[in-house]
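Participant: below is the sequence, then the predicted model.
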Amino acid sequence: MLIAEYDYQTDIEVQREEAWEDGHAEGKAVGIISTGKKFCIPKEQVLSELMSQLGVDENAAKLLLDRYWDMK
């Protein structure tokens, strides 16, 4: 049986770091999408850029694109 020692402070720090990384990636996605729209870049090319810049698969990139493409 494995006995692990739980450290509350470490847990909180890890959660904060993960939240920051998620928010940073989301902000980067919004920037890529809004720039693509501003310069009339086709959705397929923006999708490719999302996959490349964020290191996500096509499904994840499509979800981001669908979520933010119609943002004002």
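Facilitator: Thanks, I have it.
Participant: leaving out the residues flanking it, which one is nearest to Tyr68?
Facilitator: Distances taken as C-beta to C-beta, 6 or more residues apart in numbering place Ile33 nearest to Tyr68, at 4.7 Å, with adjacent residues excluded. For glycine as for every other residue, the C-beta is placed from the backbone atoms N, C-alpha and C.
Participant: how close does the nearest residue to Leu65 once chain neighbours are set aside get to Ala61?
Facilitator: Distances taken as C-beta to C-beta, 6+ apart place Leu47 nearest to Leu65, at 5.6 Å, with adjacent residues excluded. The spacing between Leu47 and Ala61, counted by C-beta to C-beta, to the nearest Å, is 5 Å.
Participant: repeat that for Met51.
Facilitator: Distance from Met51 to Ala61, counting by C-beta to C-beta: 5 Å.
Participant: neighbour-wise, which of the two wins?
Facilitator: In this view Met51 and Ala61 are compared by other C-beta atoms under 10 Å, and Ala61 has more residues nearby, 22 against 17.
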